[in-house]
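Colleague: mind looking at a prediction? Sequence and model below.
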Amino acid sequence: MPLSEEEQRILQEMEKKLFEHDRGFIGRDRGPRSFVSRSLRASVALFVAGFAIVVISFRSSLLLATFGFLIMLVSAVMFERSIRHSHGLDGQSEHHALGDDIASLAQRLRSKFFQQH
């Protein structure tokens, strides 16, 4: 069911007032997604650069290769944090979920180990 002309006019006025009075809301609405997208791309680019440094310099300079590895490590942490931020995970629920996963994995490993021996 299409809107009447009066309803369309009212909707346009509301949008205009929103743009005029609350530009911060508009920026917040678009901002986090683009930030996450940029940080994901940056972390992938850093990882590739670190990998290239490791491959190119491993035989000639172990110190430079270690630096490349550290770049890879930092970029992997950036990537992981960006993914968690994009999914809206808070710190407390992450730790409980991770703890539950580790406890479950440990229980399965214990049961498999003791069943075989």
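Modeller: Looks like it arrived, so ask away. The shown structure was predicted, so the numbers you read here are calculated from the model rather than taken from an experiment. Numbers count the residues shown, from 1 in each chain.
Colleague: now Arg81: which helix or strand?
Modeller: helix 62-86 (DSSP states H and E).
Colleague: quick one: mean pLDDT over that helix.
Modeller: For helix 62-86, the mean per-residue pLDDT is 89.
Colleague: name the helices or strands packed onto that helix?
Modeller: Packing partners of helix 62-86 (3 or more Cβ pairs under 8 Å, 6 or more residues apart in numbering; DSSP states H and E): helix 23-57. Where C-beta positions appear, they are placed from N, C-alpha and C, glycine not excepted.
Colleague: now the helix it packs on: mean pLDDT?
Modeller: Helix 23-57 carries an average pLDDT of 78.
Colleague: and this structure, what are its domains?
Modeller: 5-86, 91-117 (automatic domain parsing).
Colleague: just say which of the ones you listed is most tucked in.
Modeller: Per-stretch averages of neighbours, counted by mean count of other Cβ atoms under 10 Å, single out domain 5-86 among the domains of the chain, with a mean of 13.
Colleague: that one: end-to-end distance?
Modeller: 39 Å (Cα to Cα, to the nearest Å).
Colleague: for it, the distance to its chain's centre please.
Modeller: On the basis of Cα atoms, centre = their mean, to the nearest Å, the separation between the geometric centre of domain 5-86 and that of its chain is 8 Å.
Colleague: and Leu89, what pLDDT?
Modeller: pLDDT for Leu89: 58.
Colleague: swap in the one 3 residues further on?
Modeller: The predicted structure scores Gln92 at 48 on the pLDDT scale.
Colleague: from Val74, how far out is Ile10?
Modeller: From Ile10 across to Val74, the span is 51 Å (Cβ to Cβ, to the nearest Å).
Colleague: got the contact list for the helix holding Arg81?
Modeller: For helix 62-86, the surrounding residues in contact (Cβ atoms under 8 Å, 6 or more residues apart in numbering) are 32-33, 36, 39-40, 42-47, 49-54, 57-58, 94.
Colleague: kindly report the same for stretch 39-53.
Modeller: Residues from elsewhere that reach stretch 39-53 (Cβ under 8 Å, 6+ apart): 64-65, 67-76, 78-79, 82-83, 86.
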